[in-house]
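# Based on what follows, work out the 3D shape:
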Amino acid sequence: MDYLTSELFTCQEISRLYCDLMADNLPWLDGRLTAGDHAARVKTNRQLDPTSPLAISIIKIVTNKIISNSLLKSYALIYKVHSILLSRSEIGDGYGWHVDNPFSKYGRRDISFTLFLSNPSEYDGGELVFQSIQTTNSIRLSAGHIILYPSSLLHCVQPILGGIRLVCVGWIESYVQSSEDRSLLFNLEAGAKGLLARHGRSDELDLIFQSYANAVRRFSS
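Here you go, the predicted structure:
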């Protein structure tokens, strides 16, 4: 399964965002407003009005965190982070099996992400589930952790059985459209950086980094 998880916010940072989002009288809208025709039939949640001051502030914070994180940049080869939404799901809410639309008006959707704002102890159910050829993978991460995965994956969010699930979701347009090419480049760069840290610079390693840079050029053309 081709996905990446990482801690993006510290406990203290995510706690402040969580408290802000749990305030009363926030403008939560029907989540089906941002879903495609098929997805809207299987989606039940609320999303914070993206034009509200709180949403604008949090979206900016999350975007800056993502584009400044070296691991996420290496995995996603980020061209643009866009279409970020803040989602609130309560008992009975969920999001059935679907594939994310390939485009929004803000850009191409190559990589989807979910940033968990609630700890698993604060709600029951609500697993993010991916479908592969023969198996499924269920994901519940600690608050402040993010998962990135190809937008082409079939996935769902299981119904909430108790509590409140808060997440931030969004999409990345990558310089490299193919998930297989991104995976190859990610492994190549990680291996080269590991060799550099262990053995230092060498003429041979310079050739590997040259090949990596030129492969990015080739795959992004």
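# use CA for all of it now, contacts and neighbours both
Will do.
# quick one: which helix or strand includes residue 59?
helix 53-67 (DSSP states H and E).
# Ok, residue 124 next?
Counting by DSSP H and E, residue 124 is part of strand 123-125.
# and the helix or strand just after that strand, what does it pack onto?
The helix or strand immediately downstream of strand 123-125 is strand 128-131, counting by DSSP H and E. Applying 3 or more Cα pairs under 8 Å, 6 or more residues apart in numbering; DSSP states H and E, we find strand 128-131 packed against strand 136-139, strand 154-157.
# Kindly recompute the last result at 10 Å.
For strand 128-131, the packing partners by 3 or more Cα pairs under 10 Å, 6 or more residues apart in numbering; DSSP states H and E come out as strand 94-98, strand 136-139, strand 154-157.
# And the residue nearest the centre of this structure?
residue 113 (1.1 Å; Cα atoms, centre = their mean).
# any idea of the pLDDT on that residue?
pLDDT recorded at residue 113 is 98.
# Following the chain past the longest helix anywhere in the chain, name the next helix or strand.
Determined from DSSP state H, the single longest helix within the chain is helix 179-199. Downstream of helix 179-199, the next assigned helix or strand under DSSP H and E is helix 203-219.
# Outside of that following helix itself, list whatever touches it.
With contact meaning Cα atoms under 10 Å, 6 or more residues apart in numbering, helix 203-219 is reached by 77, 175-178, 181-182, 184-186, 188-189, 191-193, 195-196, 199, 202, 220-221.
# now swap in stretch 176-190 and tell me
So stretch 176-190 is contacted by 2-3, 71, 73-79, 108-111, 149-152, 174-175, 191-196, 208-209, 211-213, 215-221 (Cα under 10 Å, 6+ apart).
# Tell me where the longest strand sits in the protein.
Identified as the longest strand of the chain according to DSSP state E is strand 78-89.
# returning to that earlier point: can you put the helices and strands packed on strand 128-131 in a markdown table and add distance to residue 61 and mean pLDDT?
Listed next are these as a markdown table, based on distance: least, Cα to Cα, whole Å; pLDDT from 0 to 100:
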| stretch | distance to residue 61 | mean pLDDT |
| --- | --- | --- |
| strand 94-98 | 26 | 95 |
| strand 136-139 | 24 | 94 |
| strand 154-157 | 25 | 96 |
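# List the buried residues for the lowest-mean-pLDDT helix or strand in the chain?
Within the chain, no helix or strand scores below helix 37-40, which has a mean of 78 by mean pLDDT, DSSP states H and E. For helix 37-40, the neighbour count (16 or more other Cα atoms under 10 Å) marks 39-40 as buried.
# Toward the C-terminus, what is the element adjacent to that helix?
Going down the chain from helix 37-40, the next helix or strand is strand 43-44, by DSSP H and E.
# And the average pLDDT for that next one is what?
Averaged over strand 43-44, pLDDT sits at 94.
# could you say what helices and strands it packs with?
Packing contacts for strand 43-44, counted by 3+ Cα pairs under 10 Å, 6+ apart, involve strand 94-98, strand 154-157.
# List the neighbouring strands of it plus their orientation.
strand 94-98 (antiparallel) (DSSP bridges).
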